[in-house]
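> Fold the stuff below for me.
(chains A, B and C)
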Amino acid sequence: MHRAWAGDPLLTRGIPPAYLCPEVARLWHCPEGFTFLDPSSLDSHAKSHASDAPPPRLELRGITKRFPGCLANDHVDLVLQPGEIHALLGENGAGKSTLVKMIYGVLHPDSGTLLWQGRETVVPDPAGARRLGIGMVFQHFSLFDTLTVAENIALGLDGPGPMDALSQRIRTVSERYGLALDPERHVFHLSVGERQRVEIVRCLLQDPKLLIMDEPTSVLTPQEASKLFETLRRLAAEGCTILYISHKLEEIRALCGRATVLRGGKVVGACDPRLETARGLAELMIGTELSTPERPPAGESGAARLVVKHLSTTSDNPFATSLKDVGFEVRAGEILGIAGVAGNGQAELMAALSGEALVADPASVVIEGVSSGHLGPRARRELGLAFVPEERLGRGAVPELSLSENALLSGYAREPLVRGGLVHFGRARAYAETIIKGFNVVAHGHKAEARSLSGGNLQKFIIGREILQRPKLLVVGQPTWGVDAGAAAAIHKALIGLARSGAAVLVISQDLDELFVLSDRISVLFHGRLSDSRPTHETSVERIGLLMGGLFATPPDEDGEIVRAL
Amino acid sequence: MSAEFALVGPILAAMFAAATPLLFAALGEAVTEKSGVLNLGVEGMMLMGAVCGFAITVKTGSAPLGLLIAAGAGAAMGALFGVLTLLLLANQVATGLALTLFGVGLSALVGQGFVGIPLEGLPKLHIPVLSDLPVVGQAVFGQDLLVYLGIAAVPLVHLFLYRTRAGLVLRAVGENHHAAHALGYKVIRIRFLAVMFGGAMSGLGGAFLSMDYTPMWAENITAGRGWIALALVVFATWKPVRVMLGAWLFGGVTIAQLHVQGFGIDIPSQILSMLPYLATVLVLVLISRDVARIRLNAPACLGKLFHPDS
Amino acid sequence: MSLIRLEPRGQASKAMVYATPLLAVALTLLSGFILFLLLGFDPVKALHAFFIDPVSSKRGIGELIVKATPLVLCAVGLAIGFRANVWNIGAEGQLTMGAIAGGGLALAFYGEGGWWLLPLMVIGGAAGGMAWAAIPAYLRIRFNASEILTSLMLTYVALLALNYLVHGPYRDPDGFAFPESRLFEADAVMPILWSGTRVHLGTAFALFAVAAGWVLIARTFIGFQIKVIGLTPAAAGYAGFDQKRIIWLSLLLSGGLAGIAGMGEIAGPIGQITPSVSPGYGFTAIIVAFLGRLHPVGILLAALLMALSFIGGEAAQIAMGLPKAITGVFQGMLLFFLLACDVLIRYRVRIGARRAVA
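Modelled structure (predicted):
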């Protein structure tokens, strides 16, 4: 009963309950205690209410969520006011995603209460969240590739009405907020940035009072990101609350007026990020002092270990991006970084380098002086290539197999683990133990299944497995994506160490901060084309960002050469 | 000349009839697969539909009741598959095979007392004048109700899948079950319904065989039609209208080989009987080689397990 | 909300890997008990007639081994394919082709045989099965066509081919138009390994297949590759394991073994070519492979159990007039229960409400 009273429309107009009816006020303030009455406390509550602004848009009290083997959220409190942009800050694994999934009704708290506009509420499911006015843009977009933009949006609405009218509404909203979209296009044709627009427009069509953005800029160019910020500021000015999840400190300081910091599932602080330094925020988030890896200057660059020339690909996968005349080289002792927004040909480039996809012209990929375009992964590994794929679980490791079997997965080519067609399990075990020790992998020994490891520990295992094969050339995709800060620092250190010991390292990443920490030179991949590389110290995040947005390639001139500008 | 021409009508009629079991089963399976579930147990579901429909009709004398029970038996088999793959997360390929093996055995057990009993068949439609038209009269206007029902189901399924919200949700679930779950759709419930619909349609297809096409019950009466229906779904790239064209094509092949046998041409009957199976292989090869097309049309989550907490 | 729910285990339960087949057998027997009750038979007597009586004599045990032999041969090959996600379900057709090829040799050299004829027939049988399995392999690799459907379609073709042959070219010229071949000569018949029974040389092949299959799966690098391809094809691609080679290998291997099984049937217990060489061994072998956990030793045990369901079905039909189709029902149920119980390997079943209400 009392919940219904608490949600009385009069309350939301700021009229304190005590002035309406003492009975009601008593029920409101002492939900379980209406057998006795304490007039003094009633008075003070009434006063505080009289002077208060309207209730917060959303308030969480003591939210707790436990998963098997981990306490994801531990008595989390959070208050979001109308019209504010509030950052939820924390490392990977701090419990941010779990918390917002509970706000959006995907998960349900084990204990704790959620107050929506002052009224205690249970969000039963995402549809219920949408009815309340909560919208969410997921980090991994919840889109359907083979459906159109309008169909995708219709799926996220309750009662979307006829499709024609919906398409019109999509056009109106997308124009109003500067989010250009064609409702009739199929999603698999869209770039990552456009896909995010679909998600945002889907939320905006429901006139949200709270918009949750989960790591929205991790897939955007810096310029796209600042455009997104404009949209978000405009929404906030119109009264919409925005809960902004990120671990990128600079953008939080630029965008958000308040921040709540999570660590290990607990709230460890709240602040105005504009008044804090990025370093201070980072230390609050990580809990220890931050060490940036040292990058000793590169010596004389050595021999070219990987040369890619006129690499073009076609695919019978309609969702793939073809590479167009890609060329670069990586020399011994250096790290080359390739930046770019996902979906611009990274997967295709990785496959062409690893040998998972063979290319027509053997000479377009040369490893250690040997034309390798026609060679499979095994032959390339024997030439000295090691490889860390972007997709850790399901490509770099077999989830259901033990670490010693996963050590064998790529270790067989350069380590003596197979003899006469028979597996030497003892050696595989020993190799796995060496990796676990050498790279501080937290795991229950070599028998642990790969899927039982955290993202950071699995990545340390995979990188260790590759580095311990003493490669002449290492290709790494997204080395620290979704990895906690401690593991990320260790991985960066290992990669720099490998390069300085004389190997050539190629890092393909979407994380510009990471590339600027690691790389000696940076190139950008856009629509399957690669820009010329620039020494890191001669370029800037802004310039690379422009290239990621495609501002480098003019159409081929008469000679068929691609003119590149930087 | 006129004698040859006169044959066209009955041949067409026979073709539509031969296509009907495939049409029902393949349409149902197309809907099931669109929701992301690969049910290889079509043969088993058809057999259960065939035997239950036949047995009920013999016992009660009511063909409509027989058909209803046949659809129910197919749906029950589908539900069994759903419990195993959707709730207990069993491998869909293995479970589908098990469903077929189980259906073969159980239908033989149920049908033991019904072997050799004749049945009249379903009533034929007879529209005065139209049904007596030369050539097309019998083929187009003189079939029994189930043949028309099968054809009518094609636009209905098409409209459902591509013009209704429920159809959109079903396709979305088959395309990306995690995203559908995140948006709040009940993935398992939707798939369960799709699997049961597929089962009911297979049951009807089987019942048409035993209650009308033959009409009698014999063990393994479907003779691989369930598997051909599965191939048809791929051939049709999951599109209902193409499922119908495919079913007619197979009906045509079946009838052609029967007629060649009837003409006394000196080809051993067994060799001719191989034709529908070889045609299936051929058709499958022709369509599967176009990888891009399959990728664009196949539901992306086809055959993948879904657990809401992971 | 739902009262029963599944909670993922951190690691797969090793104990459950072994326990669930036993649980499935127990549940099948329980269901059989109920089924017999429903059919109006005394369930204790019926189960006894089905599962105990047939193996209470030397002859009965011999028959059990005879029936288990083709099941083991087919299932070991299938299991290797299933591990790599190569779904050959046409072992019945490959078995039939083995019988056609091996039996054809026996007929071709009728009256001119020697010691060499039987080895030649084994090779011929294996080659026939392999050839039939090579078609789905080629179509999968070259045209991306599902081997599930092609191998099954080819089974129907093989059965029709056998039917044609025994009505035509293979028919016994002195057999009054019966659709059967001549009885094979002594040179073309499998030697008996256990006198007083029909246990023949094929059983030795089956045991060898179990041993070799075990080495392949558990010890060799190829076995490791098969495992990775089956679990995570993308990881296999990353590691550089050649999936096409594994598809060829597993289909040729299972086809060859099924071919030997078919040849062993006609040169063993049957002794001639008849229109029905197998009561569905090729299909039952699918169940055997799963029940045996896709592991050769497990397959050996599972094949004995399945063989028992075949001879039990026949025995119960004779002794009590039980319908023979019950065999198929039992086999199907067993596989269902196994698939259902397997959820326990990766998940815990929790009973109770989903969450405590705050």
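> Spit out the contact partners of B:Ala18.
For B:Ala18, the contacting residues are B:213, B:250-251, B:254-255, taking CB atoms under 8 Å, 6 or more residues apart in numbering or on different chains as the criterion. Where C-beta positions appear, they are placed from N, C-alpha and C, glycine not excepted.
> What confidence value was assigned to A:Pro160?
Note on A:Pro160: pLDDT of 77.
> that older thread, show me the contacts of B:Ala18 that map onto helices.
Counting by DSSP state H, those place B:250-251, B:254-255 in helices.
> now the stretch 151-300 of chain B, which segments are flagged as low pLDDT?
Low-confidence segments of the stretch 151-300 of chain B, defined by pLDDT under 70, span residues B:264.
> Can you give me the distance of the closest residue to chain C within chain B to C:Phe143?
Ranking the residues of chain B by distance to chain C (CB to the nearest CB) places B:Gly105 first, at 2.2 Å. Distance, B:Gly105 to C:Phe143, using CB to CB, to the nearest Å: 34 Å.
> cool, and C:Leu71?
31 Å.
> Neighbour count: those two, which is higher?
C:Leu71 (30 against 16; other CB atoms under 10 Å in any protein chain shown).
> Identify the residue spatially nearest to the more buried one, adjacent ones excluded.
Nearest non-adjacent residue to C:Leu71, counting by CB to CB, 6 or more residues apart in numbering or on different chains: C:Ala303, 4.0 Å away.
> same deal with C:Gly280?
For C:Gly280, the spatially nearest residue (CB to CB, 6+ apart) is C:Glu92, at 6.6 Å.
> which secondary structure element contains that neighbour?
Here C:Glu92 sits within helix C:91-108, counting by DSSP states H and E.
> Now do that helix: which elements does it pack against?
In this structure, helix C:91-108 packs against helix C:58-83, helix C:117-143, helix C:147-167, helix C:243-265, helix C:281-291, with contacts taken as 3 or more CB pairs under 8 Å, 6 or more residues apart in numbering or on different chains; DSSP states H and E.
> B:Ser269 contacts B:Gln261, correct?
Yes. The pair B:Ser269 / B:Gln261 is scored as a contact, 5.3 Å apart, by CB atoms under 8 Å.
> one step back: state the mean pLDDT of the helix holding C:Glu92.
Averaged across helix C:91-108, the pLDDT comes to 97.
> Centre of the chain to that helix, how far?
Counting by CA atoms, centre = their mean, to the nearest Å, helix C:91-108 is centred 17 Å from the centre of its parent chain.
> Roughly how far does B:Ala108 sit from chain A?
38 Å (CB to the nearest CB, to the nearest Å).
> For that residue, which residues are in contact?
B:219-220, C:323, C:325, C:328.
> Out of the residues you listed, list just those in helices.
Among the contacts of B:Ala108, the subset assigned to helices under DSSP H consists of C:Gly328.
> Please indicate which of the contacts of B:Ala108 are buried?
When burial is judged by neighbour count using 16 or more other CB atoms under 10 Å in any protein chain shown, the buried members of the contacts of B:Ala108 are B:219, C:323, C:325, C:328.
> near chain A, which residues of the stretch 151-300 of chain C show up?
Residues of the stretch 151-300 of chain C lying near chain A by CB under 8 Å from any CB of the partner chain: C:219-224, C:227-228, C:231-232, C:234-235, C:237-240, C:242.
> For ChimeraX, write the selection for the buried entries among those.
Here is the ChimeraX command that picks out the buried ones among those, judged by 16+ other CB under 10 Å:
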select /C:220,221,222,223,224,227,228,231,232,235,237,238,239,240,242
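> Low-confidence stretches in the chain?
Picking chain A for this. When the per-residue scores of chain A are filtered using pLDDT under 70, the ranges that remain are A:1-53, A:69, A:289-300, A:551-566.
> try again with chain C
For chain C, the stretches flagged by pLDDT under 70 are C:1-3, C:10, C:352-358.
> ok, 50 please
Under the criterion pLDDT under 50, the flagged ranges of chain C are C:1, C:354-358.
> The stretch 1-150 of chain B now?
Flagging of the stretch 1-150 of chain B using pLDDT under 50 yields the residue ranges B:1-2.
> show me where it has helices.
If DSSP state H, counting those that start in this stretch is used as the criterion, the helices of the stretch 1-150 of chain B fall at B:2-34, B:42-60, B:63-82, B:92-111, B:136-141, B:145-163.
> for those, which one ends up most surrounded?
The highest average neighbour count among those, using mean count of other CB atoms under 10 Å in any protein chain shown, belongs to helix B:42-60 at a mean of 29.
> need the helices of the stretch 1-150 of chain B in a markdown table with distance to C:Gly40, can you?
Supplementary listing: these in a markdown table, determined by distance: least, CB to CB, whole Å:
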| stretch | distance to C:Gly40 |
| --- | --- |
| helix B:2-34 | 33 |
| helix B:42-60 | 17 |
| helix B:63-82 | 22 |
| helix B:92-111 | 13 |
| helix B:136-141 | 47 |
| helix B:145-163 | 35 |
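> Using CSV, lay out the helices and strands packed on helix C:91-108 together with distance to B:Gly66.
As requested, the helices and strands packed on helix C:91-108 are exported to CSV (distance: least, CB to CB, whole Å):
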stretch, distance to B:Gly66
helix C:58-83, 37
helix C:117-143, 38
helix C:147-167, 28
helix C:243-265, 39
helix C:281-291, 29
